[in-house]
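**Student:** Need a 3D model of the sequence below.
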Amino acid sequence: MTHDFYTRPGPMTLSGSHDLTSLPANPAALSQIVQGLVIHQYMASAYGVTVSEARSTESHIRHVDEMLDRIFAIDPSPLTVARPPEKRLVGVCHHFSLLFVAMLRAHGIPARYRQGFGTYFNPPNAEEHVVGEYWNAEESRWVLVDPQLDDVWRGRLKFDFDPLDVPHDRFIIAGHAWDLCRAGKADPARYGIFVGNLRGLWFVAAEIIRDLSALNRVEMLPWDVWGAMPQVNEAVDARFGYFDQLAALTQSDALDAQRARYESDAGLRVPSTVFNAVLNRVETLDRVSVSGPVVETAE
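**Tutor:** A predicted model of the protein is given here:
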């Protein structure tokens, strides 16, 4: 079943030697725990922290086990102990959300990592962002959670929603953003990232591929580039049909179809090397396969 697939870790959410089962099995508590472990690279000054060049490299850590290794290297306290801001892992939304998802999966709670755009950071723009999502069995629905939004963020952004239940018009999943832009209901020039002011339909298209990868439990850095992703400012008119299909697929719960499409299209699968667009270099990956005993197919 779809939900069972998301109760188990993929290659990026394995915790290695670190036991996450001792943590609370509660999304609200886990969100608070994550906030005490990670500080956002671009928000550090609001916590009185200046991120050194050496520590900024932590934001490029992809895997949960490596995040945990670094967290304990900085401060060996139990994960339930909130670190002072200067002793938290330097990360971005990827690190908050992937840790949150890994913690939920450790308790057998179906959880996904979703790529899309937050409308609450820099309106009227919709900024590239990732959040966690878990299956609320009592309400029979997937619930979006933004685990990085603590009281400091609330004070800065003045957002008017519950970070533990983010409305879908505040965090717009990549496929839905594509549909809005294609229908003329949203301006693609508003969708992208403030770093480098990279925006446009090409950016939304790339985000759909990242989201499909995450739905296959291969959750990559928001700036990882591979395969069928468009180049910067590339016109994607000739591939409208291709991305229309992917947008629809990522908004469905058709896990078998999502798995089959990801596996059958070499442009969608995460390869052994990706381009890190922030560091402007090709990087070799390990543990990116979604085959084998760790990542079972849908039942």
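**Student:** Show residues contacting stretch 163-175.
**Tutor:** Contacts with stretch 163-175, where a contact means Cβ atoms under 8 Å, 6 or more residues apart in numbering, come from 27-28, 31, 114-120, 126, 129, 131, 143-147, 149, 159, 161, 176, 180, 204, 207-208, 210-211, 246-251. No exception for glycine: its C-beta is placed from N, CA and C like everyone else's.
**Student:** list the helices and strands the helix or strand of the chain with the lowest mean pLDDT packs on?
**Tutor:** Least confident helix or strand of the chain, by mean pLDDT, DSSP states H and E, is helix 2-5 with a mean of 91. Contact analysis of helix 2-5 by 3 or more Cβ pairs under 8 Å, 6 or more residues apart in numbering; DSSP states H and E lists no helix or strand as a packing neighbour.
**Student:** chain center to that helix: distance?
**Tutor:** Computed by Cα atoms, centre = their mean, to the nearest Å, the chain-centroid distance of helix 2-5 equals 18 Å.
**Student:** Downstream of that helix, the next helix or strand is which one?
**Tutor:** If you walk from helix 2-5 toward the C-terminus, the next helix or strand you reach (DSSP states H and E) is helix 27-35.
**Student:** got the CA positions of that next one in PDB?
**Tutor:** What follows is helix 27-35 as a C-alpha-only set of coordinates in PDB (Å, rounded to 0.1, in the frame of the first residue of the first chain):
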ATOM      1  CA  PRO A  27       4.600  15.400  14.700                       C
ATOM      2  CA  ALA A  28       4.400  18.500  16.900                       C
ATOM      3  CA  ALA A  29       7.100  17.300  19.300                       C
ATOM      4  CA  LEU A  30       9.300  16.100  16.500                       C
ATOM      5  CA  SER A  31       9.100  19.500  14.700                       C
ATOM      6  CA  GLN A  32      10.200  21.200  17.900                       C
ATOM      7  CA  ILE A  33      13.100  18.800  18.300                       C
ATOM      8  CA  VAL A  34      14.300  19.500  14.800                       C
ATOM      9  CA  GLN A  35      14.200  23.200  15.500                       C
END
